[in-house]
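>>> Return a 3D structure for these sequence lines:
(2 chains)
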Amino acid sequence: MKTIKLQPGFQLAILRIGVAITILCKVAVEFADLDMLFSQHGIIQNVLSRPMQIRFSLSLPWLVETLHISNEHLFLRGLYIVFACAGFMLLIGYRSRFSAFICLFIHMLIFNGYNLLAFGFDGFLFSLLFYTLVFPVGKVYAADALLERHKRSGTELTGSTGPIDPRELRLYLLVLQVHLCIVYFVAGISKNGAEWTSGTAVWSALNQPQFYTPLTPFFKDLMSLSGVTAAFTWGTLFVECLFPLFIFIRYAQLNRLMLISVLLMHCFIGAVMGLQLFAWIMIVFDLSAFAGVFSSKPSFQQLPAPAIGVRKIKVV
Amino acid sequence: MKLKLLKLLFSFHLLIVFLGSNLFEYKSKFLDNIILPYAAWTGGGFGYSFFSPNVGNQTVVKAYTLHSDKTLRQDALGAGTDMLDNRFGSVIQTFRNQKAYELMARTVAAYVFAKYPDAGVTHISVGEYQSPGISEYRKNKPKARFREIYNGTYTN
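You can find the predicted model right below:
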């Protein structure tokens, strides 16, 4: 059987492409309601947004006021069209850093201005956009890398134009991994209320009208069976609390099992509870940090650089 | 040198992510002055305590609006029907006391009048959906119950 050889640092491509798809989806689902969501005449007006403004930060209401924008309707549409264009450029990896900067800037303006409207998904998109900006995401499976290779064909690629330095790549992946472990650990530890300890939390979540999907009736029937809700509830706690430990133990099967467990958890959240964008961004985060555990080399992320096949290549 | 600098920067970044993650409750203005602006620029330093300590009941706002053509329209806000409603739900979950319910009802009234400019009067009912117990569900599959906790009537 022919195996597919992935480029070193393919996780950065997962990060870039995953974040870009998220932005395009976000633009698509919010475009029709921009005035209601993010204008001074929408749900959150100045009286609410101003006291929540964080010092030394940029926000959309501040920008609108500073630039004396009178037609907010047109401005918001224009801003979202630029957002979508930058998202598409990021998807194909064309001028990746510039595209990531535009996306981060627009998302930051919205997030800081209307953080009352934000939920978990927005915070993770913000964090991952920051990583997309500071990591060299345009060097793997990107138009930037192709153009660079074409421009410099015949010469050795080094420094900022060559492949990613293995030590730097390991650092980038470690940052993603540690951040993700903090997320799961904090999420697991803080679930210490009666609903979680008694094993009924998943039942309560499934019964909330906001999480109703076509799959809800089936899963409510399933969860009403003896012990099933408790298994799902305590399974969630187990995975979240122990993920940071088990994913770093040098045992490939265990690493893969933990990663598959969290991926399944997010698939459940997306399909059964209807939080597709949140589930998607978490899957992107998981895979960009730990997709290496599926590599044929066991415990990929802990091995020295040559083991992951990162080296300077001479392009002829 | 570059690697050392990157290590230093990312160590600081992860420290802020950890401090801002709500694992510990700190009461330091100094830390707040660092973490909040840093989070507002980088997205690192927000809480990750989803569904905690409990899932809790869902707050939903119902608006009964009388239009100029004498028709009465009922809207449920925060029920998660689309992105706008999901985001609205996020605002609703932020307000969790009697004074805040009043403020929220006014916010919803403003939203209703923005959505329906021809509306004359709207009655806002804020309530929680309480889920049935598992054993109760096994018997006759009841739906979640709506319990009103605040109401108010507003004119355009």
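
>>> how does chain B divide into domains?
Domains of chain B are assigned by automatic domain parsing as B:2-50, B:58-155.

>>> Which stretch among these approaches A:H266 most closely?
With Cβ to Cβ as the criterion, A:H266 lies closest to domain B:2-50 of the domains of chain B, at 11.9 Å. C-betas here are computed from N, CA, C, even on glycine.

>>> Report the distance from that closest one to the chain centre.
24 Å (Cα atoms, centre = their mean, to the nearest Å).

>>> Is it in proximity to chain A?
Yes: Domain B:2-50 reaches chain A (Cβ under 8 Å from any Cβ of the partner chain) through B:2-3, B:6-7, B:10, B:13-14, B:17-18, B:21-23, B:33, B:36-37, B:39-44, B:46-50.

>>> The closest residue to B:G43 other than its chain neighbours is in what secondary structure piece?
Nearest non-adjacent residue to B:G43, counting by Cβ to Cβ, 6 or more residues apart in numbering or on different chains: A:F126, 2.9 Å away. According to DSSP states H and E, A:F126 maps onto helix A:120-134.

>>> Kindly provide the whole-number mean pLDDT of stretch A:125-140.
Stretch A:125-140 comes out with an average pLDDT of 96.

>>> Same check on stretch A:197-210?
90.

>>> Extract the residue ranges of chain B that are flagged as low pLDDT.
By pLDDT under 70, the weakly predicted segments of chain B are B:95.

>>> For it, just list every one of the strands.
Ranges of strands in chain B, per DSSP state E, are B:58-67, B:72-77, B:119-130, B:145-155.

>>> How many residues are close by the residue nearest to B:G43?
By other Cβ atoms under 10 Å in any protein chain shown, 23 other residues sit near A:F126.

>>> What of A:H107?
A:H107 has 21 nearby residues by other Cβ under 10 Å.

>>> Check what contacts the host helix or strand of it and list those residues.
Taking DSSP H and E as the criterion, A:H107 maps to helix A:96-113. For helix A:96-113, contacts defined as Cβ atoms under 8 Å, 6 or more residues apart in numbering or on different chains pick out A:16, A:19-20, A:23, A:38, A:49, A:53-54, A:57-63, A:79, A:82-83, A:86-87, A:89-90, A:118, A:122-123, A:125-126, A:129-130, A:132-133, A:137-138, A:142, A:144, B:40-41, B:43.

>>> List only those of these flagged as buried.
Burial by neighbour count, judged by 16 or more other Cβ atoms under 10 Å in any protein chain shown, picks out A:16, A:19-20, A:23, A:38, A:49, A:54, A:57-62, A:79, A:83, A:86-87, A:89-90, A:118, A:122-123, A:125-126, A:129-130, A:132-133, A:137-138, A:142, A:144, B:40-41, B:43 from the contacts of helix A:96-113.

>>> Tell me the helix or strand right after the helix or strand of chain A with the lowest mean pLDDT.
Least confident helix or strand of chain A, by mean pLDDT, DSSP states H and E, is helix A:46-49 with a mean of 69. Following helix A:46-49 in sequence order, the next helix or strand is helix A:60-66 (DSSP H and E).

>>> Which strands or helices does that next one pack on?
Using 3 or more Cβ pairs under 8 Å, 6 or more residues apart in numbering or on different chains; DSSP states H and E as the contact test, the elements touching helix A:60-66 are helix A:96-113.

>>> where does the helix it packs on sit relative to the chain's centre, distance-wise?
Worked out by Cα atoms, centre = their mean, helix A:96-113 lies 14 Å from the chain centre.

>>> Tell me where chain A is predicted with low confidence.
Low-confidence segments of chain A, defined by pLDDT under 70: A:1-4, A:46-48, A:154-162, A:296-316.

>>> repeat that for 80
Flagging of chain A using pLDDT under 80 yields the residue ranges A:1-6, A:41-55, A:152-163, A:295-316.

>>> Show me it divided up by domain.
If you go by automatic domain parsing, chain A breaks into A:7-159, A:165-304.

>>> hang on, the earlier thing: on contacts alone, who are the packing partners of the helix holding A:F126?
Checked by 3+ Cβ pairs under 8 Å, 6+ apart, helix A:120-134 has helix A:10-30, helix A:96-113, helix A:166-189, helix A:276-290, helix B:29-42 packed alongside it.

>>> now the first one against helix A:96-113, angle please.
Going back to what we said before, that points to helix A:10-30. 50 degrees (axes from the mean of the first three to the mean of the last three Cα atoms, to 10 degrees).

>>> what's near enough to touch A:L171?
Taking Cβ under 8 Å, 6+ apart, one finds B:3, B:6-7, B:10 in contact with A:L171.

>>> Dump those into JSON lines; add neighbour count and distance to A:V27 as well.
Conversion of the contacts of A:L171 to JSON lines gives the following (neighbours: other Cβ atoms under 10 Å in any protein chain shown; distance: Cβ to Cβ, whole Å):
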{"residue": "B:L3", "neighbour count": "12", "distance to A:V27": "36"}
{"residue": "B:L6", "neighbour count": "17", "distance to A:V27": "32"}
{"residue": "B:K7", "neighbour count": "15", "distance to A:V27": "35"}
{"residue": "B:F10", "neighbour count": "18", "distance to A:V27": "30"}
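
>>> Return the member of those residues nearest to A:S224.
B:F10 (46.5 Å).

>>> List the residues that contact the closest one.
Contacts of B:F10 were listed using Cβ under 8 Å, 6+ apart, and they are A:171, A:175.

>>> again, only this time at 10 Å
A:131, A:134, A:171-172, A:174-175, A:178-179 (Cβ atoms under 10 Å, 6 or more residues apart in numbering or on different chains).

>>> Quickly note the distance from the nearest residue to A:F75 once chain neighbours are set aside to chain B.
Nearest non-adjacent residue to A:F75, counting by Cβ to Cβ, 6+ apart: A:I69, 4.9 Å away. In this view, A:I69 and chain B are 19 Å apart by Cβ to the nearest Cβ, to the nearest Å.

>>> ok, now which ones touch A:I69?
Applying Cβ under 10 Å, 6+ apart, we find A:I69 in contact with A:40, A:63, A:75-76.

>>> Pull out the buried residues from the residues you listed.
A:40, A:75-76.

>>> Make TSV out of these and add distance to A:Y94.
Output for those, formatted as TSV (distance: Cβ to Cβ, whole Å):
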residue	distance to A:Y94
A:Q40	34
A:F75	26
A:L76	25
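
>>> Show me those residues that map onto helices.
A:75-76 (DSSP state H).

>>> of all the buried ones among the contacts of A:I69, which comes closest to B:R147?
Nearest to B:R147 among the buried ones among the contacts of A:I69: A:Q40, at 34.3 Å, using Cβ to Cβ.

>>> a helix runs through A:I43, doesn't it?
No: read with DSSP: H, G, I helix; E, B strand; the rest coil, A:I43 is coil and lies in no helix.

>>> quick revisit: PyMOL command for the buried members of the residues of domain B:2-50 next to chain A?
Per 16+ other Cβ under 10 Å, the buried members of the residues of domain B:2-50 next to chain A correspond to this PyMOL selection:
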select buried, chain B and resi 6+10+13+14+17+18+21+22+23+36+39+40+41+42+43+44+46+47+48+49+50
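
>>> most packed of the strands of chain B?
Ranked by mean neighbour count under mean count of other Cβ atoms under 10 Å in any protein chain shown, those are led by strand B:58-67, which reaches a mean of 21.
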